[in-house]
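**Q** could you look at this predicted model? Sequence included:
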Amino acid sequence: MSLDLALSVARSGLRLLDRQMARTADDIANAGTEGHTRKILGGEAVSVGGVGIGVRALPLARDVDLALQAAAMRAGGDVAAGELRMRLLGGIEAAHGRPEDGDSLGGLLAALRASLVALREAPEDAIRRAAVVGDGEDLAARYNGLAAAIGSARQQAHDALVAEAKAANAALGEIGALTLDIRRELAAGRTAADLEDTRDLAIARLAESLDISVIRGELGNVTLVARGGLVLPLDGAAFAIAPATVGAGAWHGGTGTLPGLTLGGQDVTRQVLGGRMAAAAELRDVTLPRMAAELDLSAAQTAARFEAQGLRLFTDGAGAVPDVSLPYTTGGALGFAAVIRVNPAVAGNPTLVRDGTHAVVAAPGGATAFVPNPPGGPAGFATLLDRLLDFTFGREVAVGVPHAAIATGGLGPDGTLVSGLSGLVTLEAHAAALVAAQAGERGVAEGARDRASGLGQLLGARMQARSGVDVDREVAAMVELQNAYTMNARVVATVQSMWDALFSAVR
């Protein structure tokens, strides 16, 4: 090997080592920077005719496990969805009260029954009659508060869907712009590794809105596909949904009035899966309408069963009582929990809780006949109270005539939802199951969030170990590079000395 070649080889090694030390220094400096991944700058031997003539640097590359990264992003979307569910369902859990304190629906129904038992012992006691009215007002207020909490959560779910559409569009626009920058850099023969890190952060933010798969192509291109096969355009204007006021009778689909989430003009509300976007849509269109319907049925059945025995204790604002023999959407039960109140006539004259408000005509499969206590009738009139305790709160509408189980199908504003509270007959059993199920929804969401968070932390740790910057390892690599640099510098110095000796000999 000639001295010129030896010098050229050593100088190429110095250039590579110089760039590798700069790469290492950059990784160390960015060890705490969000999204920064470890970079690799390799070398490749250069030879001509089988003779080595030096080394050249390979393009700077990221040390990233894409499969691990995709799993971590999916876990991040599950965490985001769980947190949204927890936030919206938390208000409903709080509105249900604490069953152990006796202020939940089940506890308040039990208190109303207990006050009727106390009045049965002394029907002439005005204080006990007033207590029945007071307990009825407490129960109605709980229904009203729960209906308001569910309605508020449903409005928040729609608002969250609107916000997520905007966030997803912003992320898609950023990803599209970064992709153009990356392609430009690569086409010019420059590295785009840091730009790819920034793009991955934007993709991770998008993955919190909806579950996506990333298909990476040549020259820095990416294709984003939502679960279900929806290809997402990188123009920043993919999703659209209009703001709306969500009423108790509003729904999405068919003849419903709620706007849907569109992608390129196509309604994809039921196709989007994963992330906060899907969680918001599911809460708005399924979970919360079902919960509202369960609450409405509880309130409607309570009013109807008092009505059937001769006491119109509960009505809506117009003084009507739902017909629970009709479907949920047509019998007056829809939205009833929000407007249920103690009948003003009874509130103004608590004596009616003993005497009754109207006569009942016997009918097959229904209650037996009842005639109210006439004005000036016996102060110890207990016929109505016995009917209420035996049949309103019991399993039968009359002796030998069982109550039908409270409906579980045909629920929701469009009549398509189904409740899991099946086979329940008595008011208190249905209310207790309703409280347990609805108040437990937030706990279910928290459990899902915690599982996803644990998985995300595990994957994050593996990502950090695989693709993150280990400062100790990089410092050790810097020492190795320094030693290699010193050796190459010695080669250069040695060659220079040999040249000097040669020139001296020639002189």
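**A** Nice, I can see it.

**Q** quick check: end-to-end length of stretch 278-287?
**A** 12 Å (Cα to Cα, to the nearest Å).

**Q** can you pull the pLDDT of the most centrally placed residue in the chain?
**A** Within the chain, one residue has its C-alpha closest to the average C-alpha position: by Cα atoms, centre = their mean, that is residue 81, at 3.1 Å. Residue 81 carries a pLDDT value of 96.

**Q** distance from the helix or strand it falls within to the middle of the chain?
**A** Using DSSP states H and E, the secondary-structure element containing residue 81 is helix 66-95. Averaging C-alpha coordinates over helix 66-95 and over its chain gives two centres that are 5 Å apart (Cα atoms, centre = their mean, to the nearest Å).

**Q** spatially, which residue comes closest to the residue nearest to the centre of the chain, not counting chain neighbours?
**A** Taking Cβ to Cβ, 6 or more residues apart in numbering as the measure, residue 81 lies nearest to residue 279, with 3.9 Å between them; neighbours along the chain are not counted. (C-beta placed from N, C-alpha, C; glycine too.)

**Q** report pLDDT for the one you found.
**A** 97.

**Q** show me the contacts for the residue nearest to the centre of the chain.
**A** Taking Cβ atoms under 8 Å, 6 or more residues apart in numbering as the criterion, residue 81 is in contact with 274, 275, 276, 278, 279, 448, 449.

**Q** show me where the stretch 201-350 of the chain has strands.
**A** Taking DSSP state E, counting those that start in this stretch, the strands of the stretch 201-350 of the chain run over residues 212-216, 222-226, 230-232, 239-240, 262-263, 266-267, 314-315, 341-342.

**Q** surely the residue nearest to residue 81 and residue 84 touch.
**A** Yes - between residue 279 and residue 84 there is a contact under Cβ atoms under 8 Å: 4.9 Å.

**Q** the strands of the stretch 201-350 of the chain: which one's closest to residue 104?
**A** Nearest to residue 104 among the strands of the stretch 201-350 of the chain is strand 314-315; the distance by Cβ to Cβ comes to 17.8 Å.

**Q** what does stretch 122-133 rub up against?
**A** Contact with stretch 122-133 is made by 112, 115-116, 118-119, 342, 346-347, 350-351, 353-354, 379-382, 385, as judged by Cβ under 8 Å, 6+ apart.

**Q** list the contacts of residue 372.
**A** Contacts for residue 372 (Cβ under 8 Å, 6+ apart) come out as 310, 355, 356, 357, 358, 359, 384.

**Q** no wait, residue 288
**A** With Cβ under 8 Å, 6+ apart as the criterion, the residues that contact residue 288 are 88, 150, 153, 154, 157.

**Q** what separation do you get for the nearest residue to it once chain neighbours are set aside and residue 136?
**A** Sequence neighbours aside, residue 154 is the residue nearest to residue 288 in space, at 4.3 Å (criterion: Cβ to Cβ, 6+ apart). Per Cβ to Cβ, to the nearest Å, residue 154 is found 27 Å from residue 136.

**Q** coming back round to it: save the contacts of residue 81 as TSV, and put in distance to residue 107 and neighbour count too.
**A** Formatted as TSV, those follow (distance: Cβ to Cβ, whole Å; neighbours: other Cβ atoms under 10 Å):
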residue	distance to residue 107	neighbour count
274	38	21
275	38	28
276	35	24
278	35	26
279	31	29
448	29	17
449	29	19
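
**Q** which ones among these are found in helices?
**A** The helices, defined by DSSP state H, take in 275, 276, 278, 279, 448, 449 from the contacts of residue 81.

**Q** please pick the buried ones from the contacts of stretch 122-133.
**A** 112, 115-116, 119, 342, 346-347, 350-351, 353-354, 381-382, 385 (16 or more other Cβ atoms under 10 Å).

**Q** in helices, which of those residues fall?
**A** Among the buried ones among the contacts of stretch 122-133, the ones falling in helices (DSSP H) are 112, 115, 116, 119, 346, 347, 353, 354, 385.

**Q** identify the residues contacting residue 394.
**A** With Cβ under 8 Å, 6+ apart, residue 394 has these contacts: 403, 426.

**Q** any chance of the backbone angles for it?
**A** Here is the backbone geometry of residue 394 (degrees, to the nearest 10): phi -100, psi -170.

**Q** what separation do you get for it and residue 367?
**A** If you measure residue 394 against residue 367 using Cβ to Cβ, the figure is 12 Å.

**Q** related to what we said a few turns ago, make JSON lines out of the strands of the stretch 201-350 of the chain and add distance to residue 325.
**A** Rendered in JSON lines, the data for the strands of the stretch 201-350 of the chain read as follows (distance: least, Cβ to Cβ, whole Å):
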{"stretch": "strand 212-216", "distance to residue 325": "48"}
{"stretch": "strand 222-226", "distance to residue 325": "45"}
{"stretch": "strand 230-232", "distance to residue 325": "44"}
{"stretch": "strand 239-240", "distance to residue 325": "43"}
{"stretch": "strand 262-263", "distance to residue 325": "40"}
{"stretch": "strand 266-267", "distance to residue 325": "36"}
{"stretch": "strand 314-315", "distance to residue 325": "17"}
{"stretch": "strand 341-342", "distance to residue 325": "22"}
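
**Q** do you know which of those lies nearest residue 464?
**A** When those are ranked by proximity to residue 464, the top entry is strand 212-216, at 19.7 Å, counting by Cβ to Cβ.

**Q** angle of the closest one against helix 66-95?
**A** Between strand 212-216 and helix 66-95, the angle formed by their directions is 160 degrees, by axes from the mean of the first three to the mean of the last three Cα atoms, to 10 degrees.

**Q** how is the chain carved up into domains?
**A** Dividing the chain into domains by automatic domain parsing, as the record does, gives the ranges 3-63+473-506, 69-454.

**Q** rewinding a little: what about the contacts of residue 288, which are in helices?
**A** If you go by DSSP H, the contacts of residue 288 have 88, 150, 153, 154, 157 in helices.

**Q** Throw the residues you listed into JSON lines and include neighbour count, thanks.
**A** JSON lines is the format used below for those (neighbours: other Cβ atoms under 10 Å):
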{"residue": "88", "neighbour count": "27"}
{"residue": "150", "neighbour count": "29"}
{"residue": "153", "neighbour count": "24"}
{"residue": "154", "neighbour count": "24"}
{"residue": "157", "neighbour count": "22"}
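
**Q** now, which of the residues you listed sits nearest residue 186?
**A** When the ones in helices among the contacts of residue 288 are ranked by distance to residue 186 (Cβ to Cβ), residue 157 comes first, at 42.1 Å.

**Q** any stretches of the stretch 251-400 of the chain with poor pLDDT?
**A** Low-confidence regions of the stretch 251-400 of the chain, defined by pLDDT under 70, are absent; no residue qualifies.

**Q** for the nearest residue to residue 283 once chain neighbours are set aside, give me its contacts.
**A** The spatially closest residue to residue 283, leaving aside those adjacent along the chain, is residue 157, at 4.0 Å (Cβ to Cβ, 6+ apart). Under the criterion of Cβ under 8 Å, 6+ apart, the neighbours of residue 157 are 88, 246, 280, 281, 283, 284, 288.

**Q** next one: residue 436
**A** Under the criterion of Cβ under 8 Å, 6+ apart, the contact partners of residue 436 comprise residue 99.

**Q** out of the domains of the chain, flag the one nearest residue 462.
**A** Distance to residue 462, taken as Cβ to Cβ, is lowest for domain 69-454 among the domains of the chain, at 8.2 Å.

**Q** related to what we said a few turns ago, please report the distance of the residue nearest to residue 81 from residue 237.
**A** Using Cβ to Cβ, one obtains 23 Å as the distance from residue 279 to residue 237.
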